[in-house]
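Colleague: Have a look at this prediction, sequence included:
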Amino acid sequence: MMERSWIPYCGAAPLPGDWLARWNGDPWLLLVLGLIAFLGLHRDVAPPFWAAMGMLILLFISPLCALSSALFSVRVAHHVLLTAVAAPLLLWGIPRFVVRGSAALWAALHILLFWFWHAPAPYTAALSTDLFFWTMQLSLLASAAAFWGVLRRASSPTAILLLLAMMVQMGLLGALITFAGAPLYAPHYATTMAWDLTPLEDQQLAGLIMWAPAAVFYLAATLWRGWRLLTPEQARA
């Protein structure tokens, strides 16, 4: 089954009895997040910025980081929260930040990166070295932030179309992962049984998370833009 012991950035896969104690104390990460928080205190940022910071702490410092080393389903939930919650919160928290370029191109780039990093080989590489791990995380966050940022300038019909496209592609990728007949992600071949899940069951759960719950964020944004499109400006004010 496993030819090597996987030690990803978040550490070796924890057991059910010890994962809550597995906080990430990486000094470089703490330094970077502290510097970002310091800059936020001295810049014109809105409350969503601090909510985004809290989400990043949850994803990369809390025991959730270690748990994602054990379960692919948690890693998928991690990526959904990173791209569909942390990224838009960052954009809403920095009102003056402007993303230029084609909304469709930014959406296509984000979709391409999301599919790429959830293919078995790139995903395995990301759990093999810290460099690839952070390349995965930062490229997903940056492309998602650009996608959400460019939607602020897009017309409501364009934004709705792109949000629906994002929801559909997320469901399609989730369905492909759910209905795969064999486990695809080598780093989790030997880490799921302690959690009473086979690697295939963990993978199926990951696909379902990507298929259904992840779509809720994009559906909510779609409904919000639809409401803005249909509601007269005076009523919204």
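Modeller: Looks like it came in fine.
Colleague: and the gap between H79 and A214?
Modeller: From H79 across to A214, the span is 9 Å (CB to CB, to the nearest Å). C-beta: built from backbone N, CA, C; applies to glycine.
Colleague: Could you do V150 as well?
Modeller: To A214, V150 is 20 Å away according to CB to CB.
Colleague: ok now do the nearest residue to A180 once chain neighbours are set aside, which residues does it touch?
Modeller: Distances taken as CB to CB, 6 or more residues apart in numbering place Q203 nearest to A180, at 6.6 Å, with adjacent residues excluded. Contact analysis of Q203 by CB atoms under 8 Å, 6 or more residues apart in numbering lists F72, S73, I177, T178, A180, P183, L184, Y185, H188.
Colleague: just checking, the first one touches L208?
Modeller: No - between F72 and L208 there is no contact under CB atoms under 8 Å: 11.8 Å.
Colleague: What lies in contact with stretch 62-69?
Modeller: For stretch 62-69, contacts defined as CB under 8 Å, 6+ apart pick out 6, 8, 10-14, 19-24, 58-59, 74-75, 78, 127, 187, 191.
Colleague: which intervals of the chain have sub-threshold pLDDT?
Modeller: Applying pLDDT under 70 to the chain flags the ranges 1-6, 232-237.
Colleague: which residues make contact with stretch 205-213 from outside it?
Modeller: 71-73, 75-77, 80, 170-171, 173-180, 197.
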